[in-house]
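[1] Structure for the following, please:
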Amino acid sequence: MCDSLNRTGVLCSLCKAGLGPALLNYSHPCLECTSYGWVAYFAATLIPATLFFIFIVTFHVDATSPTLSFLILYSHIWLSALQHNPNFLHSVKHYNRLYISVPVLLTTLTFYGFWNLDFFRQLIPSFCASRNMSMLTVLALEYVVALYPLLFTAIVYITIELHARGCKLLNIMWRPFNPIFYQFRKFCNIRGSVINAFATFICFSYSKILLTSFSILSFTLISSSNPSNFTNKTFLYFNSSISFDKPGNIPYYVVGIVMPTVFCILPLITLLVFHTRLCKCFHKYKLLCEVVKVFQKHFKDGTDGTSDYRFFSGFYFTIRVFYFLIRYLNTLYYYYADWFLCFCALLLISYLQPYKERKYNGLDTFWFAGLTAIIFSLQYQATVAGGKKINDIVVAVGLLVPFFYINILVIYIVLKTIRKKICWTHCQGTRCTCCYRKSTGSMQDELPDRIINSVEYRPLLQK
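    Numbering: from 1, shown residues only. Below is the predicted model:
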């Protein structure tokens, strides 16, 4: 196994002489480094993330919506399993398992990878940037992939706000692009779409930050085979040649603790308690309220005689924390723990019915029932002799069914947005119902916006 990865040492922890660790590869093989390695890395990560941002803003893809929330979580679970077991793809290719052709499998996992910001990771050839790079550095680079979309979205939002407040320098720089953005604003609320994109990228980055932190902080215990000098030593999980308590590793450990605290734990606590009196002092910050509202808008808010379930906006993030924590504790009973976690989630959703619309409660109940059944089947078949065939069939079905569903859903979102664009083009100056709507919200929701931002509705007002 070490030879196939060009590695050597205890637990394949070292690269062979003259080689360096590959970037953007779950198996972490060692390769000959090239002079364009860093250029290839940033081109393979930042450019797709920027194009993905444009796609999300243009077509208003909302990862917080009940139709997508579970599927985003599901794709993260699959990618975490692939990262936890990097030999999965190799075994499928070698033994032709899962009853799925390799191109279909790679396409499916690549599509799931988009929702985890792993753009084309299964398709692009592996490359190395530096022979002197340690595995901790390779893992820490995942933070760049996770945080770049959030930083880029924040810059775009600040630019829009400065332009709206009449910044002269920005207005001069913006002038050549005015015709393009004028056409774009006719059928899309740019500011609202950017805030939605920021919330969406929080969902995408959440799992990657957690997984990267758990990977950096993971360790393995190695025992000496010498009976006369028996010792136990703790080493890095991804590099068993380096002691876990080596002083040079401390900066990575600090980053591995700070990153999930700031970008995972704090957002989770905010969503859980923001609607309560504890956070009443923060309600004066309009932008923070708008971002939280993106997550909470689909849940019952205590009106019309219902209970207040807005804290459920942190439900999927809580599942991520516990699921990935179970995975990286390397417990022998993680199948039972995973099943118990999914079963508890199923009971909560089916009993509390937290969504405003009944169809979303049913949809989440269906998805969690399916995931619970898959995990139970995998656990049961693992204990039954000859159950490997059924196990592979269950995994294949669990891969393909959500894949086709989410494809159909994304195509529907794209076609719906294009239809609104066509409506704006052909109905300007008329009182067509669809012209009173933007990409989100209803006519009633947009009435105040038509008064404040009348330039966007000038054809209607002239009528």
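
[2] Please, where are all the strands along the chain?
    Here the chain has its strands, by DSSP state E, at 7-8, 14-15, 20-23, 30-31, 127-128, 219-223, 232-236.

[3] Residue 19: neighbouring residues, count only.
    Residues near residue 19, counting by other CB atoms under 10 Å, number 19. The way it works is simple: take the backbone N, C-alpha and C, and place the C-beta from them, glycine included.

[4] Please verify my assumption that it contacts residue 8.
    No - assessed by CB atoms under 8 Å, residue 19 is found out of contact with residue 8, at 9.9 Å.

[5] My read is that residue 122 contacts residue 113, right?
    Yes - judged on CB under 8 Å, residue 122 makes contact with residue 113 at a distance of 6.6 Å.

[6] In this structure residue 146 contacts residue 203, no?
    No - if you go by CB under 8 Å, residue 146 and residue 203 don't touch, sitting 11.5 Å apart.

[7] And the two? Which one has more around it.
    residue 146 (24 against 21).

[8] what sits against the residue nearest the centre of the chain?
    Centroid-nearest residue in the chain, with CA atoms, centre = their mean: residue 204, separated by 2.0 Å. Counting by CB atoms under 8 Å, 6 or more residues apart in numbering, residue 204 makes contact with 63, 72, 115-117, 149.

[9] Do you know the pLDDT at residue 294?
    On pLDDT, residue 294 comes in at 92.

[10] And for residue 270?
    91.

[11] do the same with the one 10 residues further on
    If you check residue 280, the pLDDT there is 82.

[12] That one and residue 271: what is the separation?
    Going from residue 280 to residue 271 by CB to CB, to the nearest Å gives 16 Å.

[13] swap in residue 68?
    As judged by CB to CB, residue 68 and residue 271 stand 17 Å apart.

[14] The two: which has the busier surroundings?
    Legend: neighbour count by other CB under 10 Å for residue 68 and residue 271, higher for residue 271 (23 against 19).

[15] State the mean pLDDT of stretch 112-128.
    Averaged across stretch 112-128, pLDDT comes to 85.

[16] Could I get the buried residue list for that stretch?
    Neighbour counts using 16 or more other CB atoms under 10 Å place 112-119, 121-122, 127-128 of stretch 112-128 among the buried residues.

[17] pretty sure residue 77 is touching residue 323, no?
    Yes - counting by CB under 8 Å, residue 77 does reach residue 323; the two are 6.7 Å apart.

[18] Extract the CA atoms of stretch 15-23 and return them as PDB.
    Provided in PDB are the C-alpha atoms of stretch 15-23 (Å, rounded to 0.1, in the frame of the first residue of the first chain):
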ATOM      1  CA  CYS A  15       7.400  10.600   1.300                       C
ATOM      2  CA  LYS A  16      10.100   8.800  -0.600                       C
ATOM      3  CA  ALA A  17      13.300  10.800  -1.300                       C
ATOM      4  CA  GLY A  18      12.800  13.600  -3.800                       C
ATOM      5  CA  LEU A  19       9.000  13.600  -3.600                       C
ATOM      6  CA  GLY A  20       6.500  15.900  -1.800                       C
ATOM      7  CA  PRO A  21       2.900  15.500  -0.700                       C
ATOM      8  CA  ALA A  22       0.200  16.000  -3.300                       C
ATOM      9  CA  LEU A  23      -2.400  18.800  -2.900                       C
END
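
[19] what's in contact with it?
    Stretch 15-23 has contacts (CB under 8 Å, 6+ apart) with 6-8, 28-33, 37, 41, 126-135, 138, 141.

[20] Buried ones among those residues?
    Judged by 16+ other CB under 10 Å, buried ones among these: 6-8, 28-31, 33, 37, 41, 127-129, 133-135, 138, 141.

[21] quick one: residue 418 and residue 60, what's the gap?
    Between residue 418 and residue 60 the distance is 12 Å, computed by CB to CB.

[22] do residue 17 as well
    For residue 17 relative to residue 60 (CB to CB), the value is 52 Å.

[23] do residue 378 as well
    Applying CB to CB to residue 378 and residue 60 gives a distance of 36 Å.

[24] higher neighbour count, those two?
    Shown here are residue 378 and residue 60; by other CB under 10 Å, residue 60 has more neighbours (21 against 18).

[25] surely the more buried one meets residue 410?
    No - using CB under 8 Å, residue 60 is not in contact with residue 410, being 11.7 Å away.

[26] Residue 178: neighbour count?
    The number of residues near residue 178, taken as other CB under 10 Å, comes to 10.

[27] so who does it touch?
    With contacts defined as CB under 8 Å, 6+ apart, residue 178 is in contact with no residue.

[28] ok, it to residue 195 distance?
    With distances taken as CB to CB, residue 178 is found 22 Å from residue 195.

[29] Pass me the low-pLDDT residue ranges in this structure, would you?
    The model of the chain has pLDDT under 70 over residues 1, 83-101, 180-188, 223-233, 237-242, 330-333, 335, 379-392, 423-463.

[30] Break it into its domains for me.
    The chain breaks down by automatic domain parsing into domains covering 3-423, 428-463.

[31] so of those domains, which one's packed in deepest?
    Scoring the domains of the chain by mean neighbour count under mean count of other CB atoms under 10 Å gives domain 3-423 as the most buried, with a mean of 17.

[32] so who does residue 202 touch?
    When contacts are counted by CB under 8 Å, 6+ apart, residue 202 touches 150, 263, 267.

[33] quick one, what contacts the second one?
    Right, residue 263. Residue 263 touches 146-147, 202, 205-206, 209, counting by CB under 8 Å, 6+ apart.
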